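Novice: got a structure for you, letters missing:
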């Protein structure tokens, strides 16, 4: 069993944990999904397969939440508002329930579904693309959701860091480095500094001011603030690695905030990831 | 023979005095433990409020310290391996050698531990610390007022016993 599956299984109630750890299919599982009143399932090669014939109870969901929040719901309240918790080991737990709304979603209650995403640390991800790569080129990694962007970004960070570049990671969701108790749970290289759980745009500017980076990496640029932060750090002569949800460059150009970033010529290379579960990578010059 | 009797009487009287002193001392230690626990809970509340550090991490820090309250945190973390933090806290509190009313103050924290938002959690911890400090003051007050009484009573009882036996 890989340590990431064990990290994910540790979140489950004892009766489910033993089943998952004994199930050979767990090695290839991408997610564990729990829905109150339904059988728990594992997402394998894009389809859900039940791993127990005992329906998920409300207490099971509460146990997972307690484990994922280190028994301190206040420490993940902000993340919970955004619909997920990052548990120790970089395991992301997506949450569904009833939203309490006051100036936007202020809290989630009566949580009914959980999606425990098992992170993958794939050494050598990206294949030949990252061989002899010029790490000081600003790079945008693109794929549809679940396509392996974070895995490739982590590999790019690790390789460029081990090549001697000072690299800072704005790890808003704790998925890139999975820092727990001040230690990254994933190998992100020897010269990497990680700022976890701060909003990306804010974190990127903090890193720029405080850590004198050559490269800043951030996952999933989504909003105009992220794009503005990227513009600022690129204008300061810092290389940027970023990821975005998109099926291709045309898809990205259709969105106003990305269009601006692309028109500024910040990114020199885009890497597209396609195929599931066998990934294929394609790099193009922008 | 009379010397033997006198020696026996002295042993009984001294033992009784020690019994009384030990009783007073246990009260003094319990008061110190409560004060230390209150202080620890206030520190935890401050850190929860300022840094949102998870409770098990904070408890670990106190469990590894040499403070008199380290046992409750160490026990709580040991129980927490197999149960929720609230349940673990309840079990750890029940093992404390304090009065029931003091135990109940600590037990009242259990259902709320780790389940509230930052401000609420911090204020509950502070409230618990405040109530423990009141208990501590009460104990110290009692000790100041009646501190030597248990020892004196024990000695008196021992003297009576000696008279009866001789």
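Specialist: Happy to help now that I have it. This is a predicted model, so every value here is computed, not measured.
Novice: Now the most centrally placed residue in chain B: closest residue in space that isn't a chain neighbour?
Specialist: The C-alpha lying nearest the average C-alpha coordinate of chain B belongs to residue B:30 (C-alpha atoms, centre = their mean; 3.6 Å). Nearest residue to residue B:30 in three dimensions, chain neighbours excluded: residue B:98, at 5.5 Å (C-beta to C-beta, 6 or more residues apart in numbering or on different chains). C-betas here are computed from N, CA, C, even on glycine.
Novice: re the thing from before, pretty sure the residue nearest to the centre of chain B is in a helix, no?
Specialist: Yes. Counting by DSSP: H, G, I helix; E, B strand; the rest coil, residue B:30 falls inside a helix.
Novice: gap between it and residue B:41?
Specialist: Taking C-beta to C-beta, to the nearest Å as the measure, residue B:30 and residue B:41 are separated by 16 Å.
Novice: do residue B:11 as well
Specialist: Summarising the geometry, the distance separating residue B:11 from residue B:41, computed by C-beta to C-beta, is 44 Å.
Novice: Could you do residue A:80 as well?
Specialist: Counting by C-beta to C-beta, the gap between residue A:80 and residue B:41 amounts to 25 Å.
Novice: go on, residue B:114?
Specialist: In this structure, residue B:114 lies at 14 Å from residue B:41, with C-beta to C-beta as the measure.
Novice: Please name the residues that touch the residue nearest to residue A:39 when sequence neighbours are not counted.
Specialist: Nearest-residue entry for residue A:39: residue A:50, 4.1 Å, with adjacent residues in sequence omitted and distances by C-beta to C-beta, 6+ apart. The contact partners of residue A:50, by C-beta atoms under 8 Å, 6 or more residues apart in numbering or on different chains, come to A:39-41.
Novice: burial of residue B:152, as a residue count?
Specialist: 13 (other C-beta atoms under 10 Å in any protein chain shown).
Novice: can you check residue B:133 too?
Specialist: Neighbour count for residue B:133, taken as other C-beta under 10 Å: 17.
Novice: Now do it against chain A, distance only.
Specialist: Here residue B:133 is placed at a distance of 24 Å from chain A (C-beta to the nearest C-beta, to the nearest Å).
Novice: Can you name the residues in contact with the lowest-mean-pLDDT helix or strand in chain B?
Specialist: Across the helices and strands of chain B, mean confidence by mean pLDDT, DSSP states H and E is lowest for helix B:149-165: a mean of 71. Under the contact criterion C-beta under 8 Å, 6+ apart, helix B:149-165 has outside partners B:8-9, B:12-13, B:15-17, B:19-21, B:23-24.
Novice: before we move on, what about stretch B:113-128?
Specialist: The contact list for stretch B:113-128, computed with C-beta under 8 Å, 6+ apart, reads A:66, A:69, A:71-74, A:77, B:38, B:41-42, B:44-46, B:48-49, B:52, B:54-55, B:85-86, B:89, B:105-106, B:108-109, B:112.
Novice: one more time with 7 Å
Specialist: By C-beta atoms under 7 Å, 6 or more residues apart in numbering or on different chains, the list of residues contacting stretch B:113-128 from outside reads A:71-74, A:77, B:41-42, B:44-45, B:48-49, B:52, B:55, B:85-86, B:89, B:105-106, B:109, B:112.
Novice: got a list of what the residue lying closest to residue A:49 once chain neighbours are set aside touches?
Specialist: Nearest in space to residue A:49, with sequence neighbours left out and distances taken as C-beta to C-beta, 6+ apart, is residue A:42 at 5.5 Å. If you count contacts by C-beta under 7 Å, 6+ apart, residue A:42 has them with A:25-26, A:29, A:32, A:49, A:51.
Novice: Under the pLDDT cut-off, which ranges of chain B? List them.
Specialist: Confidence mapping of chain B against pLDDT under 70 gives the ranges B:147-148, B:150-151, B:154, B:165-166.
Novice: any chance you could map the helices in it?
Specialist: Along chain B, the stretches classed as helices by DSSP state H are B:2-51, B:55-63, B:70-80, B:85-94, B:100-107, B:118-146, B:149-165.
Novice: now those as JSON lines including distance to residue A:255?
Specialist: As requested, the helices of chain B are arranged in JSON lines below (distance: least, C-beta to C-beta, whole Å):
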{"stretch": "helix B:2-51", "distance to residue A:255": "37"}
{"stretch": "helix B:55-63", "distance to residue A:255": "40"}
{"stretch": "helix B:70-80", "distance to residue A:255": "46"}
{"stretch": "helix B:85-94", "distance to residue A:255": "43"}
{"stretch": "helix B:100-107", "distance to residue A:255": "55"}
{"stretch": "helix B:118-146", "distance to residue A:255": "35"}
{"stretch": "helix B:149-165", "distance to residue A:255": "79"}
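Novice: Nearest to residue A:61, out of those helices?
Specialist: Across these, residue A:61 has its closest neighbour in helix B:85-94 (16.4 Å, C-beta to C-beta).
Novice: now for the closest one, which elements pack on it?
Specialist: For helix B:85-94, the contact count by 3 or more C-beta pairs under 7 Å, 6 or more residues apart in numbering or on different chains; DSSP states H and E identifies helix B:70-80, helix B:100-107 as packing neighbours.
Novice: switch to 10 Å and redo it
Specialist: In terms of contact count using 3 or more C-beta pairs under 10 Å, 6 or more residues apart in numbering or on different chains; DSSP states H and E, helix B:85-94 is assigned the packing partners helix B:55-63, helix B:70-80, helix B:100-107.
Novice: Within the sheet, what are the partner strands of the host helix or strand of residue A:242, with directions?
Specialist: Using DSSP states H and E, the secondary-structure element containing residue A:242 is strand A:239-245. With DSSP bridges as the criterion, the sheet partners recorded for strand A:239-245 are strand A:139-143 (parallel), strand A:215-218 (parallel).
Novice: can you tell me which of those the model trusts least?
Specialist: Confidence, taken as mean pLDDT, is least for strand A:139-143 of the strands paired with strand A:239-245 (a mean of 92).
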